[in-house]
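Asks: build the 3D model from these lines:
(2 chains)
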Amino acid sequence: MEWANQLCENRQFGSKMTDSKYFTTTKKGEIFELKAELNSDKKEKKKEAVKKVIASMTVGKDVSALFPDVVNCMQTDNLELKKLVYLYLMNYAKSQPDMAIMAVNTFVKDCEDPNPLIRALAVRTMGCIRVDKITEYLCEPLRKCLKDEDPYVRKTAAVCVAKLHDINAQLVEDQGFLDTLKDLISDSNPMVVANAVAALSEIAESHPNSNLLDLNPQSINKLLTALNECTEWGQIFILDCLANYTPRDDRESQSICERVTPRLSHANSAVVLSAVKVLMKFMEMLPKDLDYYGTLLKKLAPPLVTLLSAEPELQYVALRNINLIVQKRPEILKHEMKVFFVKYNDPIYVKLEKLDIMIRLASQANIAQVLAELKEYATEVDVDFVRKAVRAIGRCAIKVEQSAERCVSTLLDLIQTKVNYVVQEAIVVIKDIFRKYPNKYESVIATLCENLDSLDEPEARAAMIWIVGEYAERIDNADELLESFLEGFHDESTQVQLQLLTAIVKLFLKKPTETQELVQQVLSLATQDSDNPDLRDRGYIYWRLLSTDPVAAKEVVLAEKPLISEETDLIEPTLLEELICHIGTLASVYHKPPSAFVEGSRGVMHKRLPARTGSGEGTECPDVGNAAGGSAPEAAPSIIPSQGDLLGDLLNLDLAPPTTTGPTPSTSGMQMGGMDLLGGGLESLLGGDIGGSPAMGAGFGAAPAVMPASLNAPVGGGLGDLFDLGGGVGMPMGAYIPPKTVWLPAMKAKGLEISGTFARRAGVIQMELVLTNKAMSVMTDFAIQFNRNSFGLAPAGPLQVLTPLGPNQTIEVSLPLSTVGPVMKMDPLNNLQVAVKNNIDVFYFSCQYPISMLFVEDGKMERQVFLATWKDIPNDNESQFQIQDCHLNSEAASNKLQGSNIFTIAKRTVEGQDMLYMSIKLSNGIWVLAELKVQAGNPNYTISLKCRAPEVSQCVFQCYEAVLKN
Amino acid sequence: MSRQRVVKKNSGALRVTFDPYWLLFSPLTLQVLICRNYKGDVDMAEIDHFLPLLMTQEEEGLTCPIMSHGNVHFLWIKHTNLYLVATTNKNSNASLVYAFLYKVVEVFTEYFTELEEESIQDNFVVVYELLDELMDFGFPQTTDSKILQEYITQEGTKLEVAKTKVPTTVTNAVSWRSEGIKYKKNEVFIDVIESINLLVNANGSVMSSDIVGTVKLKTMLSGMPELRLGLNDRALFALTGRDKGKTVTMEDVKFHQCVRLSRFESDRTISFIPPDGESELMSYRINTHVKPLIWIESVIEKFSHSRVEIMVKAKGQFKKQSVANNVEVRVPVPSDADSPKFKTSTGHAKYVPEKNLAVWTIKSFPGGKEFLMRASFGLPSVENDEMEGKPPITVNFEIPYFTVSGIQVRYMKIIEKSGYQALPWVRYITQSGDYQLRSNF
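Replies: Model prediction:
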């Protein structure tokens, strides 16, 4: 309050009468005075008093004690006074609900005032008073205002429905306001339409399944018409709403795009960005060979570039979005590199984003220019920007091979500047360049080594140590260099310690004679004097390796490293798709899905881009979720869930464990000590297959002698596990189980890798999963759900991952499946779409199961029935296949097939050819009859399948082949 | 305004809360001036986290226009010494929020001439009224200050209820122009202003150069006139098949909301009902490479611990008939420089120590001419430890009666149902935009 007084004193010099004089009334004892003034008979005095009250309120003083007196001033014909009283009410009604009721009458009366401004004011304010008792009284006036003759009142009332819904959703539904609101979408006034759309979108957000907006071609057409007439803000509401629609086919998609494109010329950046969102989403459905597709791509570039001349904050939003767009459709901006060059006076947040985009756009064609710029930036003063520029040079080298040499020499130039953070950053990126182009640029090592002493950041130190270890054989004094780091071993960060340990072991393996002492020293430092378990474990593993099998040690430690990928920090494709649907919003700025930062949005549908569908022939293969898009032609269209629903089903995961009680799943959590050790950056250890190789020189026998006995066993065990990894799980007799394949690569799932297979054991179908955590943080809260599928497969119990999955841990889980889930035909028939959730996100993948999992144990048909059925099934349903290179005799084949519940019913031998008749019953009751012809000495079998549902034949045949050949 | 200001420890701040967003204007001095909570789903106290967050970021030198604390996100802009902050806990449309915040600045500036702490306090009643009309429940509503001024005025006393009506314009499809406007003389003034953005490398090669043009209108026309603007737009000429004289390819065009965008999209016709008074009708961007109009060559030699010598040559690379006015060449100098000495072949140069600049001003710079400026500064013998950036040389200038792109107004058709004759006046100006030449310094 002090400021107000001071301000006032200050103002006594100038005699101008302004509102600020009201700020003087906040001295003690003033409340009493104000009370008197509020109750004054003089209008003018009253008004002055209310202004004083509002002034106090504005500076945060509690003037709620004046509530009844202020409310008394409400009945006035002075509009300004009325507005002030309303303002007061909005602020204090919640704290004084009982007294707020006093105001109701005036509100109701004002809602019928002849002046539309007052009607609107009343309905607007009432909606802001979040007191239950008041909302009840609001309904009738609101109903009238929604039908008011004045559009100003209607547009205010439309928003009021959203307000009311926020306070009491049930009331709004019961009162039928939602329908009235929907009607307003057809209002003759564009501003009313825009506000109705905004209100409905807001309400729909909290009811993802309500289908409130009911978007269909007719309503879309109305919206597109209103788009041309409403204010810039209204255009944004409408465009954001359009973005939620999924057109039926590419034609509709194109026609919407055509009508949205003119918005790209709007002066308001937010209109442009919302239009870009609609276009980016809908163009997904356009066939790429369509002329219009190319035209649209060309139209998108200029407005995106122009956004860079907007205000810096808008530039920032635009740049974050361009970053997404460039990843999704690099072709749009590939020729626009220059506009992303950094200006000296750009704010730092704009500079950093521009840099990111420059790297994404870097290509052989423009690399020279980019490098020149980056070099310029690297000599700036802004530390973060400089660091990022140096890193960018390294990324260019890795991305554009032809430029690598130039990048390296640029980095060397920068190292010569001796600016400490530049040098350190350069060394970190040079390490990556060495990884990408091994044995190519070692000539620079000498220069790097000169700067050894100036490195004080762990990452730079670790990088330098890695380089020394990796090229130890070419650095004469590698041992001295590494030894110098060893002196302060315990003061180093873990990153440096681990790297130093590995580097010295590498050095030892390369120059065993001179460095034995060094390696013993580091091993003892790591294992005995350290209390860091990672370091200790890694120390022991090296120790054990070196002492038991030096040859293996060399194979492991010096193994060839996998290449590093070209593009770093690309956004994972499903997330990218979701973010494209959120262009312009906070999600697109944070590069995180809304569920990651908005409370209560967990269950809300993730947005996805539509798949290419519809009339365009020869479009590319539709991806996950598009099963309904025309691949099940024989099914009646009405029973195919629309794609939206389908996705909704899959995405709207109810991740609570299903209630069905299935057999207890056999969880075999493998706690792998070894894995833990090998993950953290020890790229060189994994991946070597251990075989015979020339014996190493002497000197290993004397390797570490001290090894605590207690630790011996677990470490050995860990190693054993480690090397067992390659072999699969033991196969039970009988049923064929395909080998595990990777279903969800870690790259696509923020570090979660899932591989698996399906098995049928004792009549129970099991999905056998191996979950590996390749991320740096612990994963918990696993859950799984399937999309509808051809045979109604569904988890029969929750996914049993009982302990949190630590980094680099792997766990095997088997999930019993039932066949009573919802059914929808998939293509291919045995395709299964799966969603797996953990504490980080939800991930989707699809896999195919061998249909033999569905062959039930009681599938042996009576002979008579078999004969009758065989005759009964029309010949059209018969399909014939060849199985080649099968060297089993009919007996063995029959036995093998029986293991997978394919039962031989009869056997005939005609002219040296065995005819086996078999029956199979699928879990959904479909019978498949088979005739297998096996000719002695001929490795090719012929199989004929007959089934009332001939679609399954192909899958069944695949099973025959798989079973017989394995 | 040279009024004396009391130094305030606890100064006020205008705080406005929007629905999902709030808007808060607060000067550096930490307190909320005015706030308007449009929705009530963000706790008012959350704003207390804003300034600490901002300070931390500023200390680290890494500010970002979006910050978050828990579930609350702050989207802010700074205008003079006020912060306008919107808060939200939803996945709001960020570009809309910023566009809106800038609109608020525009409206308040038009109302109060200057948007600053004092003008907010002086007019807090109107500020509240405006905030009420600008946004409802987080949805921006009427943001056209000319229309707002028709029913929200600063002279509150005049506003007796009976007189105040909502202008129909507010909800009309034509929401930017009121009916019943009358002028004795019907005229429209068209300014075509082209700004040159240029970035030149230290070795003298042009890294990027583009032209951003704007067409500004000052409309003094009665009634509801229909206007059509004709430019020598290449795309239009290609469309109509005519090809007379020089045409210009506009890379991207942005229009005021009065222009019928779908009409432009289909036949490149710029047709509109103009807002009354001044407005920016359109802006365009042209990528055509033009020779930099004023070319600068500089040699900056720094002799550590003693002095720095600067030689700058400026060359007018435009037609001899044209003249660039108010040319200002700003050359960065080290922050610890002192005792400046200048020698110029024309104009005059001065040292602006608070900006670390030597500014060379030439009132009138004819095309084709070349001028020189030499400067020398002393440097202290003890060197400044702090790393200094390498700011570029920047140039300001203005060339009247000329557009560098060659764009021309071919016609401006004005049709009003009363059938009056109106005169269009056109003026062309080319000026410097973001005109930077990196130096070797």
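Asks: any idea of the mean pLDDT in the helix or strand hosting B:Arg36?
Replies: Using DSSP states H and E, B:Arg36 maps to strand B:35-37. On average, the pLDDT along strand B:35-37 is 82.
Asks: direction included, what does that strand pair up with?
Replies: Counting by DSSP bridges, the strands paired with strand B:35-37 are strand B:22-26 (antiparallel).
Asks: for the chain, which spans come out with low pLDDT?
Replies: If you meant another chain, say so; for now it's chain A. A:1-29, A:208-210, A:565-568, A:600-605, A:612-734 (pLDDT under 70).
Asks: oops, chain B please
Replies: Residue ranges of chain B with pLDDT under 70: B:1-31, B:154-166, B:242-244, B:384-387, B:441.
Asks: just the helices in it please.
Replies: B:50-60, B:94-112, B:117-122, B:124-134, B:145-151, B:234-240, B:261-267 (DSSP state H).
Asks: what's the burial count for residue 335?
Replies: Let's take chain A. For A:His335, the neighbour count with other Cβ atoms under 10 Å in any protein chain shown is 12. Where you see a C-beta, it was placed from the backbone N, CA and C, and this is true even at glycine.
Asks: hmm, no, I was thinking of chain B.
Replies: Neighbours of B:Ser335 using other Cβ under 10 Å come to 11.
Asks: how about B:Gly241?
Replies: Neighbour number of B:Gly241 under other Cβ under 10 Å is 6.
Asks: again with A:Lys133
Replies: 12.
Asks: is it within a helix or a strand, and which one?
Replies: helix A:132-146.
Asks: got the buried residues for that helix?
Replies: Within helix A:132-146, the residues that count as buried by 16 or more other Cβ atoms under 10 Å in any protein chain shown are A:134-135, A:137-139, A:141-142, A:144-146.
Asks: quick one: which of these is nearest to A:Pro738?
Replies: Nearest to A:Pro738 among the buried residues of helix A:132-146: A:Thr135, at 60.7 Å, using Cβ to Cβ.
Asks: can you pull the contacts of the closest one?
Replies: A:129, A:164, A:167-168, A:171 (Cβ atoms under 8 Å, 6 or more residues apart in numbering or on different chains).
Asks: using a markdown table, lay out the helices of chain B together with mean neighbour count.
Replies: Compiled in a markdown table, those are given as follows (neighbours: other Cβ atoms under 10 Å in any protein chain shown):
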| stretch | mean neighbour count |
| --- | --- |
| helix B:50-60 | 14 |
| helix B:94-112 | 23 |
| helix B:117-122 | 22 |
| helix B:124-134 | 22 |
| helix B:145-151 | 18 |
| helix B:234-240 | 14 |
| helix B:261-267 | 16 |
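Asks: among the ones you listed, which is nearest A:Cys257?
Replies: helix B:261-267 (11.7 Å).
Asks: tell me how far the closest one lies from the chain's centre.
Replies: Mean-position distance between helix B:261-267 and its chain equals 27 Å (Cα atoms, centre = their mean, to the nearest Å).
Asks: check whether it contacts chain A.
Replies: Yes. Legend: contact between helix B:261-267 and chain A by Cβ under 8 Å from any Cβ of the partner chain is shown at B:261-262, B:264-265.
Asks: can you get me a residue count around residue 273?
Replies: In the absence of a named chain, chain A is used. Neighbours of A:Leu273 (other Cβ under 10 Å): 30.
Asks: my bad, chain B
Replies: B:Ile273 has 19 neighbours, counted by other Cβ under 10 Å.
Asks: ok, now A:Ala762?
Replies: 9.
Asks: so what's A:Ala462 up against?
Replies: Applying Cβ under 8 Å, 6+ apart, the residues contacting A:Ala462 are A:495-496, A:498-499.
Asks: nearest residue to it in space, please, no chain neighbours.
Replies: Among residues not flanking A:Ala462 along the chain, A:Gln499 sits closest, at 4.2 Å (Cβ to Cβ, 6 or more residues apart in numbering or on different chains).
Asks: so that neighbour is in contact with A:Glu470, correct?
Replies: No. Counting by Cβ atoms under 8 Å, A:Gln499 sits too far from A:Glu470 to count as a contact (10.5 Å).
Asks: do I have it right that A:Arg435 meets A:Lys561?
Replies: Yes. Shown here, A:Arg435 and A:Lys561 form a contact pair, counting by Cβ under 8 Å, at 6.7 Å.
Asks: quick one, which of these two is more surrounded?
Replies: A:Arg435 (17 against 13).
Asks: for the more buried one, which three-state class applies?
Replies: Three-state call for A:Arg435 (DSSP: H, G, I helix; E, B strand; the rest coil): helix.
Asks: run through the residues that contact it.
Replies: A:Arg435 touches A:561, A:563-564, counting by Cβ under 8 Å, 6+ apart.
Asks: could you rerun that using 10 Å?
Replies: For A:Arg435, the contact set (Cβ atoms under 10 Å, 6 or more residues apart in numbering or on different chains) comprises A:398, A:466-467, A:470, A:561-564, A:683.
Asks: kindly report the same for B:Phe303.
Replies: Going by Cβ under 10 Å, 6+ apart, B:Phe303 touches B:309, B:376, B:379.
Asks: any idea which of those residues is closest to chain A?
Replies: B:Leu379 (18.2 Å; Cβ to the nearest Cβ).
Asks: what about B:Ser304, distance to chain A?
Replies: Using Cβ to the nearest Cβ, to the nearest Å, one obtains 16 Å as the distance from B:Ser304 to chain A.
Asks: phi and psi next, for that residue.
Replies: With angles defined as degrees, to the nearest 10, B:Ser304 sits at phi -50, psi 140.
Asks: isn't it up against B:Glu383?
Replies: Yes. B:Ser304 lies in contact with B:Glu383 (Cβ atoms under 10 Å); the separation is 6.5 Å.
Asks: please name the nearest non-neighbouring residue to B:Ser119.
Replies: Using Cβ to Cβ, 6+ apart, the nearest residue to B:Ser119 is B:Phe112, at 3.9 Å.
Asks: the one you found and A:Ile238: what is the separation?
Replies: According to Cβ to Cβ, to the nearest Å, B:Phe112 stands 32 Å off from A:Ile238.
Asks: and A:Ala749, by the same measure?
Replies: In terms of Cβ to Cβ, A:Ala749 sits 36 Å off from A:Ile238.
Asks: those two: which is more packed in?
Replies: Between A:Ala749 and A:Ile238, A:Ile238 has the larger neighbour count (other Cβ under 10 Å), namely 30 against 23.
Asks: following the helix or strand where A:Thr180 lies, which helix or strand shows up next?
Replies: Per DSSP H and E, A:Thr180 falls inside helix A:177-184. Next in sequence after helix A:177-184, counting helices and strands by DSSP H and E, comes helix A:190-206.
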